[in-house]
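Asks: coords please:
(one chain, ligands or ions: 1)
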Amino acid sequence: MRRKLVVANRKMNGSVPGNKEFLEGLIKGTRDCHNADYIVCVPHPYLYQAQAMLADTEIAWGGQNMSRHDAGPYTGSVSPGMLVEFGCKYVIIGHSERRNRGQDSDNSVGERFQAATKAGLTPIFCMGETLEEYEKGLTDLVTIRQLNAVIQQVGIKNLAKCILAYEPVWAIGTGKAATPDHAQSILHFLRGYVILKDVEVGENIRILYGGSMNASNAAQLMSMPDIDGGLIGGASLVTEEFVRICRAANELGSA
Ligand code: PEP
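Replies: Predicted coordinates for the structure are as follows:
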């Protein structure tokens, strides 16, 4: 059975005192929650703080992006090895806030996926269509194109090394989450596509939904059969709200 998973994408938010308060609240609020997994992805400068505070807990931490290069003249970039040095086990790859600003292409997402797994990191690989693509009925086409770009580079067996996240761009930060039925239908389609290529990988890979998930809709979304958890942006900035989402995942995990 796939374990539920909740990932905080804190984006470019936080401060040393603010993170301390958030992480203390999260540790306290999930102390008795052993039926699901929790990951916090913070801006790179705060990885040291996350490591120091979370090292002895069941909560993991990760980066929000990384270079495909190991080292060299790449000003402003962070290598996979650097993330590993700060105890990261996870890294978000291909978030739409990078794809849609021209910072990531399908191809470069594949390259970074490979670099991440080579370093021992688990990519949290994001896919999703824009509002325009959604309105044109292109959701399946776009997500499969994004997924195939990675499968072609790494091979279907290596896809098992990642966590997939379907994040429709029109739902991110808009307060308009996909309905549980809609999100379920897309995740079911994506899982089915992977199953066609490799039954074991498809049945076991965890697929998250992301896009305006919050404490009020999380339980309903995460209780859908193909939704293994959530990638949470805005609602991860409010400690109590994020704790409630984690606790909802824990409840479902014990069901
Ligand atoms: C995200 O950016 O990954 C995300 C899901 O954001 P939000 O929850 O704010 O929609």
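Asks: who in the stretch 151-255 of the chain is up against the ligand?
Replies: Applying CB under 6 Å from any ligand atom, we find that the stretch 151-255 of the chain lies next to the ligand at 167, 172-173, 210-213, 231-235. Placement of C-beta: from N, CA and C, glycine included.
Asks: kindly recompute the last result at 8 Å.
Replies: For the stretch 151-255 of the chain, the contact set with the ligand under CB under 8 Å from any ligand atom comprises 165, 167, 171-174, 177, 210-214, 230-236.
Asks: just the buried members of those?
Replies: Among these, those classed as buried by 16 or more other CB atoms under 10 Å are 165, 167, 171-172, 177, 210-214, 230-236.
Asks: show me what the lengthiest helix in the chain packs onto, helices and strands only.
Replies: For the chain, the longest helix by residue count, based on DSSP state H, is helix 180-197. Here helix 180-197 touches helix 139-154, helix 156-159, strand 163-166, helix 199-204, strand 207-210, helix 218-222, going by 3 or more CB pairs under 8 Å, 6 or more residues apart in numbering; DSSP states H and E.
Asks: 7 Å instead, please
Replies: Under the contact criterion of 3 or more CB pairs under 7 Å, 6 or more residues apart in numbering; DSSP states H and E, helix 180-197 touches helix 139-154, strand 163-166, helix 199-204, strand 207-210, helix 218-222.
Asks: just the ones you listed: most buried one?
Replies: Mean neighbour count (mean count of other CB atoms under 10 Å) peaks for strand 207-210 among the helices and strands packed on helix 180-197, with a mean of 27.
Asks: for L5, which three-state class applies?
Replies: strand (DSSP: H, G, I helix; E, B strand; the rest coil).
Asks: ok, the closest residue to it other than its chain neighbours - contacts?
Replies: Using CB to CB, 6 or more residues apart in numbering and skipping the chain neighbours, the partner closest in space to L5 is G229 (3.7 Å). Neighbouring residues of G229 by CB atoms under 7 Å, 6 or more residues apart in numbering: 4-6, 206, 208, 222, 249.
Asks: tell me which residues in whichever strand or helix holds G25 are buried?
Replies: According to DSSP states H and E, G25 maps onto helix 16-29. Buried residues in helix 16-29, counted by 16+ other CB under 10 Å: 19, 22-23, 26-27, 29.
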